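Asks: Here is my input; please provide its structure:
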Amino acid sequence: MQLNRIKAVRGYKAPRRIAGRPSVVAPNRVQRQFIVVRASQVWVTDITYIRTWQGWLYLVVVIDLFARNVVGWSMKPTLSRELA
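Replies: Below is the predicted model:
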């Protein structure tokens, strides 16, 4: 490998687990009734994380159930209350 100037690609760092206060569970207002008759009546969210070369990014997406389009999104390197 040295003769051909090739280097191995190293793995990634696992995200750190930080203990904190327990989360507050929001009430289930939709009750699995996803039939909506007008726009902006019911919004749903999803949070996911994406691995990049620099580390992890957390993505939050807000979707309008009536139109099934993205109302808004936010992406940050840490999962915090400000992300939503």
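Asks: now Leu79: how far from Gly72?
Replies: The span separating Leu79 from Gly72 equals 17 Å under the rule Cβ to Cβ, to the nearest Å. In short, each C-beta sits where N, CA and C put it, glycine included.
Asks: Neighbour count: these two, which is higher?
Replies: When Leu79 and Gly72 are compared for neighbours, Leu79 comes out ahead with 16 against 12, by other Cβ atoms under 10 Å.
Asks: With adjacent residues omitted, what lies nearest to the more buried one?
Replies: Tyr58 (4.6 Å; Cβ to Cβ, 6 or more residues apart in numbering).
Asks: Tell me, what's the model's pLDDT at that neighbour?
Replies: Predicted confidence (pLDDT) at Tyr58: the value is 93.
Asks: Doesn't it lie inside a strand?
Replies: Yes. Secondary structure assignment places Tyr58 in a strand (DSSP: H, G, I helix; E, B strand; the rest coil).
Asks: thinking it is in contact with Lys76, fair?
Replies: Yes. In this structure Tyr58 lies within contact range of Lys76 using Cβ atoms under 8 Å: 5.8 Å.
Asks: From the neighbour counts alone, determine which of the two ranks first.
Replies: Ranked by neighbour count (other Cβ under 10 Å), Tyr58 and Lys76 place Tyr58 first, with 18 against 12.
Asks: Noted, bye for now.
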